[in-house]
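# need a structure here:
(one chain, ligands or ions: 1)
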Amino acid sequence: MSTEKDSGALDPQLLAVLACPLCDSRPPLNQQGSILVCTQCGARFPIRNGIPALRPGDALTDDATPDDSTDHE
Ligand SMILES: [Zn+2]
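Next up, the predicted model:
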């Protein structure tokens, strides 16, 4: 039996071990409402059903670019 949490707030201990998947230095993430924001690159990741979506493909972009138009050097 698992306790369901509706507050959207992550366990601080869980948040402490999370790191940005886009940064090699694995910087910590700040929770801002229902998203996590990388303190280094500013990438944003959604929290879905209380579970952080931290795959690179889950990153939220400002203008919601399709995945086939990545602007990468
Ligand atoms: Zn990052």
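# so who does the spatially most central residue of the chain touch?
Centroid-nearest residue in the chain: residue 45, 2.7 Å away (criterion: Cα atoms, centre = their mean). Residues in contact with residue 45, defined by Cβ atoms under 8 Å, 6 or more residues apart in numbering, are 29, 35-38, 52-54, 58-60. Every C-beta, even on glycine, is put in place using the N, C-alpha and C of the backbone.
# for residue 59, same thing?
22, 43-45.
# and if we set it to 6 Å?
43, 45 (Cβ atoms under 6 Å, 6 or more residues apart in numbering).
# now swap in residue 13 and tell me
Contact analysis of residue 13 by Cβ under 6 Å, 6+ apart lists nothing.
# so it sits in a helix?
Yes - checked against DSSP: H, G, I helix; E, B strand; the rest coil, residue 13 lies within a helix.
# coming back round to it: would TSV of the contacts of residue 45 with distance to the ion be doable?
Below are the contacts of residue 45 laid out as TSV (distance: Cβ to the ion, whole Å):
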residue	distance to the ion
29	8
35	13
36	10
37	9
38	3
52	13
53	14
54	10
58	13
59	9
60	12
